[in-house]
Structure formats: structure tokens, C-alpha cells
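**Q** Here is my input, please return the structure:
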Amino acid sequence: MEKKEVLLLIDGFNLLSRCYFATAYGKEMHDLPRNSKGQFTNAIRVTIQKLLMLVREHEPTHIAVAWDVKREETLRREKFADYKGTRNELPEPLIQQYETLVELFDTIGITQLTIPRYEADDIIGTMVNRWRNERDGECIIYSNDRDLLQLLCDRTSQLIAIKREELKYTLNHFQEEYGITPAQWIDVKALLGDKSDNIPGVAGVGDKAALPLIQQYGAVELIYENFENLDPKFKRYLKKLEAGRDMAVLSKDLCTIFTDVPDIINRDLEECRYLLNKEAVREALQALEIQIRVG
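**A** Numbers count the residues shown, from 1 in each chain. The predicted structure is shown next:
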């Protein structure tokens, strides 16, 4: 019986930065492990361990790692100058390990995708859309970024870390938790905004109102179309919604993941086919002086 195809899409910086901060917490730069060439290795070690675990557990036939470009070079920054403006600069050891990891992934043959002006979310969104339309198999997104929930469908799930465990968060999980479609998650985020990305949302409209509004009206645009006759239970939010109309529209645009990224649309999906070559991984890790049981 032919094995079902499974595409594993990894949000590169989401994984690498989580591995970095988990192993660098409370440490000064000089305390972090390095190899004899002076290369930092703490995040790379944990990232590769996680990758090997994902391959063992989910047996993907195809793997792609999506990387962000610099935040000031994105389309969203062009639309909104303060987009991601509150984020700190990345630590030097993390940047160095990103560069080392890119080389390592090249060496062991893992497809990496970086597209100017687009973010990893957009690359993942386009890959999900293509896989959904062109293949019958499952797609698994590896990221803790809940913006990506808008991409869920019956064959697309997301691996999310909750406490100390990872949950394979499916369409059913989403519908049970929120009572809306994944596409409507964009509208909820448009009202709420996103502090981590510095997306404004509608000031004064929080969790208690954003989700119920979308559950009842379906979309940001429909809230404003029905503005004069909004359910009285939302009366306390009328002035806030009115004042925040332009920000709601802008925020929805910023929260919407592209699913038509150039260079990804026409890429051969077979470029992402991957069969783990354990010996190649061992040799690449040995060159970095990282000792991990590859299996």
C-alpha cells in the first residue's frame, strides 16, 4: 500500500527562536556553548533534536522550512510603518545560529524558502493552499504563531505547544473552541489587534467582544454594514467600533496571510520531498561538534 503524502511546514524563526530562548534564559552571551570555531550551538542542537522528533512522529514525505525576511523589508511594513515596530533586535548569538542553520539545512537537503517582501506566514499560507488544491495528503504546520490558525482545514493542522506538551490542533479543535470558521479568525484578529506584531485593532474591543461580534455578524465589514442596528448587547462598544473603523480595516489587511506568493505558486512541490539521510545528518552535526543521537 502506497504511503500517504504528508507535508511538514516549519516556521523557521519561530522554532529557532523558541529553542534559543529556552536554552539561553538567564545566561550571558559568554556562558552559551560554542564549538572550537567559535560558533554558538545551543539553539541549533535543540532545533535539530526537535526536527528529528517531528520526522519520527509524523513521518513527513515532504518538508519545507519558511524563513522571514527582515521586518523593515516586508509588504506589511510598507502598508503600516509601525508594523512589528515594538520588537527588540535579535541577539547576536541567535542571528549567528540562524546563518549556521541555513547552511546545515542546505547540507542535509532540507528545502528552505525565503521570498523578498513576504513573511514566513505568507510562504506557509501559499504552500498550504497549493497542497490543499494539488495533493490528497495531510499538511502539518509547525509553529506557535496563532495567526496561522486561519489556514486550518480538514487536512491541515498545526502543532502548538501548550504547557509542556504539543497539541496537534485540528479544524475540529478550532471550531469547538471558537465557533467560527478559520477564515473568520482574521476578522477576530482585526478587532483584537496583535501586540506582538504591533497591529492596532480596535481600541477598547477585547476578547469579550471581538469573538462574539464575529460569531454573530461573520465579518468586520458586516459589523459596519449593520452598525445602526447592532444587537443591544454590544451597545457599550458602539463608540469604540465607530472610532476604530479605519484601524479595523487596516488591521484585517495586516492580519490576512497571503496565499499567492510569487515564486511559491510555480515551484515544483516535489522539490520539498525529503527522506532523512541519517549519515549525512551525523556528518553535518559532527562538523559543528554537536553530539545528538540521530537514530
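
**Q** which element is the residue nearest to residue 42 when sequence neighbours are not counted on?
**A** Beyond its immediate neighbours in the sequence, the residue positioned closest to residue 42 (Cβ to Cβ, 6 or more residues apart in numbering) is residue 23, lying 4.2 Å away. Quick note: C-beta positions are derived from backbone N, CA and C, even for glycine. Using DSSP states H and E, the secondary-structure element containing residue 23 is helix 12-24.

**Q** so what does that helix touch, helix or strand wise?
**A** For helix 12-24, the contact count by 3 or more Cβ pairs under 8 Å, 6 or more residues apart in numbering; DSSP states H and E identifies helix 42-58, helix 92-108, helix 120-134 as packing neighbours.

**Q** Residue 294 is nearest to which of these?
**A** Evaluated with Cβ to Cβ, the helices and strands packed on helix 12-24 place helix 42-58 nearest to residue 294, the distance being 6.6 Å.

**Q** The closest one relative to helix 92-108, how many degrees between them?
**A** With axes from the mean of the first three to the mean of the last three Cα atoms, to 10 degrees as the basis, helix 42-58 and helix 92-108 are set at 40 degrees to each other.

**Q** tell me the domain ranges of the protein?
**A** The chain resolves into domains spanning 6-177+257-287, 182-255 when parsed by automatic domain parsing.

**Q** Output those domains as JSON lines; include the columns distance to residue 294.
**A** Converted to JSON lines, the domains of the chain look like this (distance: least, Cβ to Cβ, whole Å):
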{"stretch": "domain 6-177+257-287", "distance to residue 294": "5"}
{"stretch": "domain 182-255", "distance to residue 294": "34"}
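
**Q** In TSV, list those along with mean pLDDT, mean neighbour count and distance to residue 293.
**A** Output for the domains of the chain, formatted as TSV (pLDDT from 0 to 100; neighbours: other Cβ atoms under 10 Å; distance: least, Cβ to Cβ, whole Å):
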stretch	mean pLDDT	mean neighbour count	distance to residue 293
domain 6-177+257-287	95	17	9
domain 182-255	95	17	35
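
**Q** Might one say that the residue nearest to residue 42 is in contact with residue 44?
**A** No. The pair residue 23 / residue 44 is not scored as a contact, 10.0 Å apart, by Cβ atoms under 8 Å.

**Q** What ranges does the stretch 151-295 of the chain have for its helices?
**A** Ranges of helices in the stretch 151-295 of the chain, per DSSP state H, counting those that start in this stretch, are 171-178, 185-192, 207-217, 220-225, 238-243, 245-255, 278-287.
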